[in-house]
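Asker: any chance you can model this:
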Amino acid sequence: GKIELYFNEPSSAGLNSIMNEFWGAWHDVSNNPSDQTARVALLQQADQFAGTVQDIDAKMNNLRLSLDNTLEQKVTYVNSLATQIAALNGQIIGYEADGRVANDLRDRRDALQSELAQLINFSVNEQDNGSVALFIDGEALVWYTQANALALERDYSDELTIRDIRWEFSGKPVNISSGEIGGVLAARDTIIPAYIQKLDDLAQGVIEAVNSVHTGGVGLSGFTALSADNAVSSDSEALDGSNSGLAFAPQDGSFLLHIKNSATNTVSDATVAFSAGDTLEDLRDAINTAVTAAGGGVTASISSHRLNLAHDSANYTFFFSDDNSKVLNSLGLNTFFSGSDASNIAVNAVVKNSPAMIAAAKYVGGTDTDINPGDNSNALEIISLRSQAALADGATFDTFYNTKLIGALGVEANQATRMRENQEIIVAQLQTRIDESSGVSLDEEMSNLLQFQQAYIAAAKYMVVVGQALDELLRII
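Answerer: Numbers count the residues shown, from 1 in each chain. Below you'll find the predicted structure:
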């Protein structure tokens, strides 16, 4: 199917292979953290991973949207077939009123019913007057000479404008469970969304896990200024609330903001606490209070509903560690990925524009006031995520993708193929029975033709004999 083609597994261009290369690129950085080439290669692999996820997500969503058009075309065709069947009902009733049988009209109606059966589920009741009544889950689609049309309920507030199929005369929903329309509805509303959700789960898991580790690390140098990647809905809205506008909620905890003064070669530590219900304004104030208590050097501010951090002078740089509140990940500060799901996952612009800011190291503090460019401890922690149960259902990234996404897709595709083959066999058997009861047997027709031919020859000979006898009789007379 198309969804299988989108994932393109197994192949070197499939997402599984690209994920392997992404984790492998982190290995390369961990082997040589200060190497610029390894860092650039990591960004390229991460960009390819994010781009592939976005591409698959876009294709599945576009496939859903295209099914809206397919649905509209097929419902229109159902209405046309129902109208034609109702018209034939009228002709058959009139033709058979005097006892004749409208074989040609019945054949045409049967053919239309066969076409209709490919589109929807319905039952048939033949009436005493020769008409047929067609029902969908107890509601009449065709009744004598009347066809009841199906209508599309639309909602233009959503990308999928067709919300439901309803009876035009009553507005009740139409229960279509099989046929091509049933298949389109199942694909559009159940099957495709399920795989979009699974891809979202994978992307969200990677974003949150990698970012949660990356925010506690440090690159080859500290920041002089940094703006949050994610905006909140309101500066006075609780950051851990459902209306915050953040995809990943923070929790009670704290993080360390380290401020280095290059003039004195010292690092001061500001412990910033976050509590449930805190707003962006509260966090800004908490940072400024903690920094002031630590000796100053950095100022927090808010613009366009985003938190901003900036050094107070050229002597100061800053970096982070030990964020157990996850607030840095929530706001998008010192993260590796931006975005929240498969539709918008991307490499954070800060690291993309400056590979040196990839946080492969950790700041250990103590008497060490410098960032160690050879430290790979944060990169190793990110690599370890691959084998951890990082997703909500306890699966690793590889297990989830290969078993619950691609594995499930393969099983469903095989099951659908078997069901189609079984249905084709059943249809072929039923068609054979139909042909046996109502079709034309060439052998039988040839046998009848030979009998008629022999009867004609015998009759012709008889007429010749009779003619000769009459001629003889006339001569005698």
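Asker: biggest helix in this protein, by residue count?
Answerer: When the chain is parsed with DSSP state H, its longest helix is helix 36-95.
Asker: can you tell me the average pLDDT over it?
Answerer: The pLDDT scores in helix 36-95 average 96.
Asker: give the next helix or strand downstream of it.
Answerer: helix 103-117 (DSSP states H and E).
Asker: low-confidence ranges, the stretch 351-477 of the chain, go.
Answerer: Applying pLDDT under 70 to the stretch 351-477 of the chain flags the ranges 366-369, 410-477.
Asker: now the longest helix of the chain, how far from the centre of its chain.
Answerer: Chain-centre distance of helix 36-95: 11 Å, with CA atoms, centre = their mean, to the nearest Å.
Asker: quick check: angle from that helix to helix 103-117?
Answerer: Following axes from the mean of the first three to the mean of the last three CA atoms, to 10 degrees, one obtains 160 degrees for the angle between helix 36-95 and helix 103-117.
Asker: go ahead and flag the most central residue of the protein.
Answerer: In the chain, the centroid-proximal residue (CA atoms, centre = their mean) is I196; its distance is 2.9 Å.
Asker: touching, that one and A58? I think so.
Answerer: No - using CB atoms under 8 Å, I196 makes no contact with A58, being 10.2 Å away. Quick note: C-beta positions are derived from backbone N, CA and C, even for glycine.
Asker: how about the strands in the chain?
Answerer: Across the chain, reading from the start of the chain, the strands by DSSP state E fall at 123-126, 132-136, 139-143, 146-147, 150-154, 162-167, 225-227, 253-261, 266-274, 298-303, 306-311, 316-321, 337-338, 346-347.
Asker: now those as TSV including mean pLDDT and distance to D285?
Answerer: Listed next are the strands of the chain as TSV, based on pLDDT from 0 to 100; distance: least, CB to CB, whole Å:
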stretch	mean pLDDT	distance to D285
strand 123-126	94	70
strand 132-136	96	63
strand 139-143	96	63
strand 146-147	96	69
strand 150-154	93	48
strand 162-167	92	46
strand 225-227	97	18
strand 253-261	96	14
strand 266-274	95	10
strand 298-303	98	8
strand 306-311	98	11
strand 316-321	96	17
strand 337-338	98	26
strand 346-347	98	31
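Asker: of all these, which one is nearest K404?
Answerer: strand 337-338 (21.4 Å; CB to CB).
Asker: ok, the closest one: who's next to it in the sheet?
Answerer: Each strand pairing with strand 337-338, determined using DSSP bridges, is listed with its direction: strand 346-347 (antiparallel).
Asker: who touches the partner strand?
Answerer: 43, 46-47, 50, 54, 336-339 (CB atoms under 8 Å, 6 or more residues apart in numbering).
Asker: follow-up on the earlier one: for I181, find the nearest of the strands of the chain.
Answerer: Going by CB to CB, the one of those nearest I181 is strand 162-167, 7.6 Å.
Asker: list the contacts for D137?
Answerer: Under the criterion of CB under 8 Å, 6+ apart, the contact list for D137 reads 121, 174-175.
Asker: going through these, which ones are buried?
Answerer: In terms of neighbour count (16 or more other CB atoms under 10 Å), the buried residues within these are 121, 174.
Asker: out of the contacts of D137, who's nearest S30?
Answerer: Distance ranking of the contacts of D137 against S30, using CB to CB, places N175 first at 57.2 Å.
Asker: which residues touch the closest one?
Answerer: For N175, the set of contacting residues under the criterion of CB under 8 Å, 6+ apart consists of 136-137.
Asker: the chain should start at 419 in everything you say after this.
Answerer: Got it, the first residue is 419 from now on, which makes the last one we talked about N593.
Asker: show the pLDDT at it.
Answerer: Predicted confidence (pLDDT) at N593: the value is 92.
Asker: same deal with S654?
Answerer: S654 carries a pLDDT value of 97.
Asker: next, the buried residues of stretch 763-776.
Answerer: Buried residues in stretch 763-776, counting neighbours by 16+ other CB under 10 Å, are found at 763-766, 768-770, 773, 775-776.
Asker: want to throw those residues into CSV with distance to V636?
Answerer: Listed next are these as CSV, based on distance: CB to CB, whole Å:
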residue, distance to V636
I763, 23
A764, 22
V765, 18
N766, 15
V768, 13
V769, 12
K770, 18
P773, 14
M775, 9
I776, 10
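Asker: nearest to L552 among those residues?
Answerer: Taking CB to CB as the measure, L552 lies nearest I763 of those, at 48.5 Å.
Asker: ok, that closest one touching A621?
Answerer: Yes - at 4.7 Å, I763 and A621 qualify as touching, with contact defined as CB under 8 Å.
Asker: so what sits against both of those two?
Answerer: With CB under 8 Å, 6+ apart applied, the overlap between the contact sets of I763 and A621 consists of 471, 757.
Asker: how much space between the residue nearest to the centre of the chain and V471?
Answerer: 11 Å (CB to CB, to the nearest Å).
Asker: what touches both of those two?
Answerer: Jointly contacting I614 and V471 under the rule CB under 8 Å, 6+ apart are A760.
Asker: related to what we said a few turns ago, look up how far E490 lies from the residue nearest to the centre of the chain.
Answerer: Taking CB to CB as the measure, I614 falls 22 Å from E490.
Asker: ok, now E577?
Answerer: Summarising the geometry, the distance separating E577 from E490, computed by CB to CB, is 15 Å.
Asker: list the buried residues for stretch 637-652?
Answerer: Of the residues in stretch 637-652, those buried by neighbour count under the rule 16+ other CB under 10 Å are 637-638, 640-641, 644-650.
Asker: determine which two of these are furthest apart.
Answerer: Taking every pair in the buried residues of stretch 637-652 and measuring CB to CB, the maximum separation is 30.3 Å, between L638 and V650.
Asker: if we can go back for a sec, show me the contacts for the residue nearest to the centre of the chain.
Answerer: For I614, the set of contacting residues under the criterion of CB under 8 Å, 6+ apart consists of 475, 478-479, 482, 760.
Asker: ok, the residues you listed vs S795, which is closest?
Answerer: Distances from S795 to these, taken as CB to CB, are shortest for A760 (30.0 Å).
Asker: pLDDT wise, what is the closest one at?
Answerer: The predicted local confidence for A760 is 97.
Asker: let me know the pLDDT of D522.
Answerer: The predicted local distance difference test score for D522 is 94.
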